[in-house]
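In: how does the following fold in three dimensions:
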Amino acid sequence: MSDNDVFEVGRKTIYWMIASFIIGVLMIAFVIFIVGYQGKLTAVPGELKTGFITLRFVTNPDCFAYQDATGRTFPYTIDLSKFTKERMNLCYLTDPEKGYNTFNFKLTLHGRDMSLATNNFFNVVYYSPLGYAVLIWDGEKFIRDDLLIEVQESISSIPTMKGS
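Out: Below you'll find the predicted structure:
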(Lines give C-alpha, C1' and ligand atoms only; values in the text may rest on other atoms or scores of the structure.)
Protein backbone atom coordinates (compact mmCIF):
# COMPACT_ATOMS: atom_id res chain seq x y z
CA MET A 1 0.00 0.00 0.00
CA SER A 2 1.47 3.32 -1.01
CA ASP A 3 1.34 6.62 0.88
CA ASN A 4 -1.32 7.95 -1.50
CA ASP A 5 -3.60 5.00 -0.72
CA VAL A 6 -3.32 5.65 3.03
CA PHE A 7 -4.28 9.32 2.57
CA GLU A 8 -7.14 8.31 0.26
CA VAL A 9 -8.66 6.05 2.98
CA GLY A 10 -8.33 8.87 5.54
CA ARG A 11 -9.97 11.39 3.19
CA LYS A 12 -12.89 9.07 2.49
CA THR A 13 -13.40 8.41 6.19
CA ILE A 14 -13.46 12.12 7.03
CA TYR A 15 -15.73 12.85 4.06
CA TRP A 16 -18.29 10.20 5.10
CA MET A 17 -18.24 11.36 8.74
CA ILE A 18 -18.99 14.94 7.68
CA ALA A 19 -21.58 13.80 5.12
CA SER A 20 -23.32 11.56 7.71
CA PHE A 21 -23.46 14.43 10.20
CA ILE A 22 -24.96 16.82 7.64
CA ILE A 23 -27.50 14.23 6.45
CA GLY A 24 -28.51 13.54 10.07
CA VAL A 25 -28.99 17.25 10.81
CA LEU A 26 -31.07 17.66 7.63
CA MET A 27 -33.26 14.68 8.56
CA ILE A 28 -33.89 16.04 12.06
CA ALA A 29 -34.71 19.50 10.64
CA PHE A 30 -37.12 17.92 8.14
CA VAL A 31 -38.92 15.96 10.90
CA ILE A 32 -39.23 19.11 13.04
CA PHE A 33 -40.63 21.01 10.05
CA ILE A 34 -43.22 18.29 9.30
CA VAL A 35 -44.36 18.09 12.95
CA GLY A 36 -44.73 21.89 13.13
CA TYR A 37 -46.65 21.97 9.87
CA GLN A 38 -48.96 19.19 11.04
CA GLY A 39 -49.62 21.11 14.25
CA LYS A 40 -50.57 24.23 12.29
CA LEU A 41 -52.88 22.24 10.02
CA THR A 42 -54.74 20.55 12.86
CA ALA A 43 -54.91 23.50 15.27
CA VAL A 44 -58.42 24.57 16.26
CA PRO A 45 -58.88 28.35 16.64
CA GLY A 46 -59.78 29.53 20.13
CA GLU A 47 -62.86 31.35 18.82
CA LEU A 48 -64.27 28.06 17.55
CA LYS A 49 -63.57 26.29 20.84
CA THR A 50 -65.27 29.03 22.83
CA GLY A 51 -68.24 29.04 20.46
CA PHE A 52 -68.82 25.34 21.06
CA ILE A 53 -68.33 25.62 24.83
CA THR A 54 -70.72 28.56 25.15
CA LEU A 55 -73.48 26.64 23.38
CA ARG A 56 -73.85 24.57 26.55
CA PHE A 57 -75.19 27.63 28.38
CA VAL A 58 -78.11 28.14 25.97
CA THR A 59 -78.89 24.60 24.78
CA ASN A 60 -78.33 22.32 27.78
CA PRO A 61 -81.10 21.98 30.38
CA ASP A 62 -78.45 21.15 32.97
CA CYS A 63 -77.20 24.70 32.48
CA PHE A 64 -79.72 27.48 31.79
CA ALA A 65 -81.91 26.25 28.93
CA TYR A 66 -85.63 26.12 29.70
CA GLN A 67 -87.21 22.68 29.94
CA ASP A 68 -90.99 22.36 30.17
CA ALA A 69 -92.97 19.85 32.22
CA THR A 70 -92.95 17.31 29.39
CA GLY A 71 -89.14 17.28 29.31
CA ARG A 72 -88.83 19.20 26.05
CA THR A 73 -85.81 21.52 26.02
CA PHE A 74 -86.11 24.92 24.37
CA PRO A 75 -82.68 25.92 23.01
CA TYR A 76 -81.77 29.59 23.25
CA THR A 77 -84.39 30.02 25.95
CA ILE A 78 -83.06 30.86 29.41
CA ASP A 79 -84.98 29.73 32.48
CA LEU A 80 -84.58 32.68 34.84
CA SER A 81 -84.93 30.45 37.91
CA LYS A 82 -81.83 28.53 36.75
CA PHE A 83 -79.73 31.67 36.19
CA THR A 84 -77.85 31.38 39.49
CA LYS A 85 -74.24 31.06 40.63
CA GLU A 86 -74.92 27.55 41.96
CA ARG A 87 -76.20 26.43 38.56
CA MET A 88 -73.20 28.07 36.88
CA ASN A 89 -70.88 26.06 39.12
CA LEU A 90 -72.75 22.85 38.24
CA CYS A 91 -72.69 23.69 34.54
CA TYR A 92 -69.11 24.91 34.16
CA LEU A 93 -66.60 24.85 36.99
CA THR A 94 -62.86 25.27 36.53
CA ASP A 95 -60.15 24.08 38.90
CA PRO A 96 -60.04 26.53 41.86
CA GLU A 97 -56.23 26.70 41.84
CA LYS A 98 -55.27 26.47 38.16
CA GLY A 99 -58.56 27.22 36.40
CA TYR A 100 -57.33 30.64 35.34
CA ASN A 101 -55.34 28.86 32.59
CA THR A 102 -58.46 27.64 30.79
CA PHE A 103 -61.60 29.26 29.39
CA ASN A 104 -63.69 31.30 31.81
CA PHE A 105 -66.90 33.13 31.04
CA LYS A 106 -69.08 36.00 32.19
CA LEU A 107 -72.72 35.80 31.08
CA THR A 108 -74.82 38.96 31.05
CA LEU A 109 -78.53 39.22 30.32
CA HIS A 110 -78.52 42.64 28.73
CA GLY A 111 -82.15 43.66 29.31
CA ARG A 112 -82.25 42.42 32.90
CA ASP A 113 -78.78 43.70 33.82
CA MET A 114 -77.96 40.35 35.46
CA SER A 115 -74.50 38.80 35.30
CA LEU A 116 -72.91 35.50 36.22
CA ALA A 117 -69.25 34.59 35.99
CA THR A 118 -67.33 31.37 36.32
CA ASN A 119 -65.21 30.90 39.40
CA ASN A 120 -61.93 32.08 37.79
CA PHE A 121 -63.18 34.96 35.65
CA PHE A 122 -61.07 38.03 36.42
CA ASN A 123 -62.45 40.55 33.85
CA VAL A 124 -59.56 39.93 31.47
CA VAL A 125 -61.53 39.54 28.24
CA TYR A 126 -59.58 37.78 25.51
CA TYR A 127 -62.08 37.40 22.67
CA SER A 128 -64.79 39.74 21.45
CA PRO A 129 -67.96 39.13 23.45
CA LEU A 130 -70.29 36.54 21.95
CA GLY A 131 -73.92 37.54 21.67
CA TYR A 132 -76.98 35.35 21.48
CA ALA A 133 -80.57 36.48 20.97
CA VAL A 134 -82.45 34.49 23.59
CA LEU A 135 -85.87 34.19 25.12
CA ILE A 136 -86.21 34.34 28.89
CA TRP A 137 -88.80 32.27 30.72
CA ASP A 138 -89.60 34.15 33.93
CA GLY A 139 -92.15 31.59 35.17
CA GLU A 140 -95.13 33.19 33.43
CA LYS A 141 -94.13 34.39 29.96
CA PHE A 142 -91.33 34.51 27.43
CA ILE A 143 -89.41 37.78 27.06
CA ARG A 144 -86.85 38.52 24.35
CA ASP A 145 -83.36 39.50 25.51
CA ASP A 146 -79.70 39.40 24.52
CA LEU A 147 -77.15 37.20 26.26
CA LEU A 148 -73.60 38.55 26.09
CA ILE A 149 -70.81 36.13 26.91
CA GLU A 150 -67.36 37.51 27.64
CA VAL A 151 -64.52 35.01 27.28
CA GLN A 152 -61.26 34.92 29.17
CA GLU A 153 -58.71 32.34 28.12
CA SER A 154 -55.46 32.28 30.07
CA ILE A 155 -54.80 35.35 32.18
CA SER A 156 -51.07 34.63 32.30
CA SER A 157 -50.56 35.49 28.62
CA ILE A 158 -53.16 38.12 27.75
CA PRO A 159 -51.86 41.61 27.00
CA THR A 160 -55.06 43.09 25.47
CA MET A 161 -58.39 42.06 23.94
CA LYS A 162 -57.94 39.92 20.84
CA GLY A 163 -60.28 39.87 17.88
CA SER A 164 -61.97 43.25 18.33
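In: after the biggest helix by length in the chain comes which helix or strand?
Out: Under DSSP state H, the helix in the chain containing the largest number of residues is helix 3-42. Per DSSP states H and E, helix 3-42 leads on to helix 46-59 as the next helix or strand towards the C-terminus.
In: on contacts alone, who are the packing partners of the helix or strand bottoming out on mean pLDDT in the chain?
Out: Sorting the helices and strands of the chain by mean pLDDT, DSSP states H and E puts helix 3-42 at the bottom, at a mean of 88. On a contact count with 3 or more CB pairs under 8 Å, 6 or more residues apart in numbering; DSSP states H and E, helix 3-42 meets no helix or strand. Quick note: C-beta positions are derived from backbone N, CA and C, even for glycine.
In: now residue 132: which helix or strand?
Out: Assigned by DSSP H and E, residue 132 falls in strand 127-137.
In: what's that strand in contact with?
Out: Strand 127-137 has contacts (CB atoms under 8 Å, 6 or more residues apart in numbering) with 46-47, 50-51, 54, 58, 66, 74, 76-80, 109, 111-112, 142-151, 153, 161-164.
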